[in-house]
Every structure is written in C-alpha cells, then in structure tokens.
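1. Coordinates for the following, if possible.
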Amino acid sequence: MKAQRKITDFMRRVTIGLKNHFSARPQRSKAEQERREELSRHWNMMCAKYMLADLESDECQRRTNAELGLPADYSPDRYA
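-> The predicted structure is shown next:
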C-alpha cells in the first residue's frame, strides 16, 4: 500500500508538472506588447472608418486588411 501511494503521488506530480509545462505561454517583451497594441489600435480605427460607411463587418475586415497589407482573414483579437 505504501508503494502504491508513492507511485500515485509521483504520477500526480508528473501530470501537474506536464500540464504547467505545456500550458504556459511565453512572455512577450514590453516592446512587443506595445507594438501589437498599436497595430490593433490602428486596425480598429481603419475598420471603424468602413463601418461608419455602413458596410458589412466581413467587407470592413477585408478592406482594412487589404489596405494594411495583411492576410485576408487577419483580425487582431484572433492573434492576441
């Protein structure tokens, strides 16, 4: 029974360690975070211009991405 408890405890610690290892996201530098926020802000302002022109959201996204030279399916919230 003592050996069984030790094995169970060991396996629990290994499992928790693996979960933490694979679920942790790499930290971005402050400069990288600011660059992403600035790109997101710029993208949102451009997209809002098309939304105020009363276009569909998909069309707004397509035109914004074309104007900024980004992939057609790009959206700032998807790559955050």
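2. neighbours around Cys47, how many?
-> Other residues lying near Cys47 total 21 when counted by other Cβ atoms under 10 Å. Every residue, glycine included, has its C-beta placed from N, CA and C.
3. Is it in a helix, a strand, or coil?
-> The three-state assignment at Cys47 reads helix, by DSSP: H, G, I helix; E, B strand; the rest coil.
4. Next up, the contacts around it.
-> Contact criterion Cβ atoms under 8 Å, 6 or more residues apart in numbering gives 60-61, 64 as the residues in contact with Cys47.
5. Among those, which one lies nearest to Lys2?
-> Gln61 (61.4 Å; Cβ to Cβ).
6. Stretch 5-17 - what's its average pLDDT?
-> With pLDDT averaged residue by residue, stretch 5-17 scores 89.
7. can you list contacts of it?
-> Counting contacts by Cβ under 8 Å, 6+ apart, no residue outside stretch 5-17 touches it.
8. Keeping just the C-alphas, turn it into CSV.
-> C-alpha atoms of stretch 5-17 as CSV (Å, rounded to 0.1, in the frame of the first residue of the first chain):
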residue,chain,number,x,y,z
ARG,A,5,0.7,5.7,-2.5
LYS,A,6,4.2,6.7,-3.5
ILE,A,7,3.6,5.8,-7.2
THR,A,8,0.2,7.6,-7.2
ASP,A,9,1.8,10.7,-5.6
PHE,A,10,4.6,10.6,-8.1
MET,A,11,2.3,10.3,-11.1
ARG,A,12,0.1,13.2,-9.8
ARG,A,13,3.2,15.4,-9.5
VAL,A,14,4.4,14.4,-13.0
THR,A,15,1.0,15.1,-14.5
ILE,A,16,0.7,18.5,-12.8
GLY,A,17,4.2,19.4,-14.0
